[in-house]
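Asks: Predicted model and sequence follow; I will ask about them next.
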Amino acid sequence: MSLHERLLADLVQAMKEKNAQKLAVLRMVKAALVLVVKEKPKGSSEVLSDEDVVAVLKREAKKRKESAQAFAAGNRQDLSDNEHAELAIIETYLPAQMSEDAIRQVVQSVIAEKGKSNFGAVMGAVMQKLQSQADGAVVRNVVNQCMNAQQSP
């Protein structure tokens, strides 16, 4: 069962269970997926790959994180909590993220290959290796730490 099919099946299940919050989140994700299908060029397949679905889920998760931070900064903890709850639902469909230690090992191997002079080259190579296994912000922080640690002696 593809990720898209799983999302649709869970949408139906949320309707049956009358789980309003999960239903709202899954409907929002489904709408975002429909937009992706409509944006595809004519003649291409209307079936979304798991990579396409993961990209949409990551985009929606990022929106929820940013909204939760903005609401928390505006002293609206109730809305921030709601965004965190929606984020938790979305994250159940995302692949597991790598730990910082695992990311650090990949970064150090790339620095050994590419050298430490160009942040962009190192970051690009690391993101290409990790793809959807790690959050870009976490990778950026680890690359910064590793490159600064390498340069200080």
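Replies: That came through, no problem.
Asks: Can you give me every residue that contacts the nearest residue to Gln145 once chain neighbours are set aside?
Replies: The spatial neighbour of Gln145 that comes closest, neighbours along the chain excluded (CB to CB, 6 or more residues apart in numbering), is Arg104 at 7.8 Å. (C-beta placed from N, C-alpha, C; glycine too.) Arg104 sits next to 142, 145-146 when contact means CB atoms under 8 Å, 6 or more residues apart in numbering.
Asks: Same check on Asn144?
Replies: Residues counted as contacts of Asn144 (CB under 8 Å, 6+ apart) are Phe119.
Asks: what does Glu5 give?
Replies: Residues counted as contacts of Glu5 (CB under 8 Å, 6+ apart): none.
Asks: so which strand or helix has it?
Replies: Assigned by DSSP states H and E, Glu5 belongs to helix 3-17.
Asks: So which bits of that helix are buried?
Replies: Buried residues in helix 3-17, counting neighbours by 16 or more other CB atoms under 10 Å, are found at 3-4, 7-8, 10-11, 14.
Asks: In CSV, list the C-alpha atoms belonging to the next helix or strand after that helix.
Replies: Beyond helix 3-17 on the C-terminal side, the first helix or strand identified by DSSP H and E is helix 20-39. Once non-C-alpha atoms are left out, helix 20-39 reads as follows in CSV (Å, rounded to 0.1, in the frame of the first residue of the first chain):
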residue,chain,number,x,y,z
ALA,A,20,-12.5,15.6,14.1
GLN,A,21,-8.9,16.8,14.5
LYS,A,22,-7.3,13.9,12.6
LEU,A,23,-10.0,14.2,9.9
ALA,A,24,-9.3,17.9,9.4
VAL,A,25,-5.6,17.4,9.1
LEU,A,26,-6.0,14.5,6.7
ARG,A,27,-8.4,16.5,4.6
MET,A,28,-5.9,19.4,4.5
VAL,A,29,-3.1,16.9,3.4
LYS,A,30,-5.4,15.4,0.7
ALA,A,31,-6.2,18.9,-0.6
ALA,A,32,-2.4,19.7,-0.8
LEU,A,33,-1.9,16.4,-2.7
VAL,A,34,-4.7,17.2,-5.1
LEU,A,35,-3.0,20.5,-5.9
VAL,A,36,0.3,18.7,-6.6
VAL,A,37,-1.5,16.4,-9.0
LYS,A,38,-3.1,19.4,-10.8
GLU,A,39,0.2,21.2,-11.1
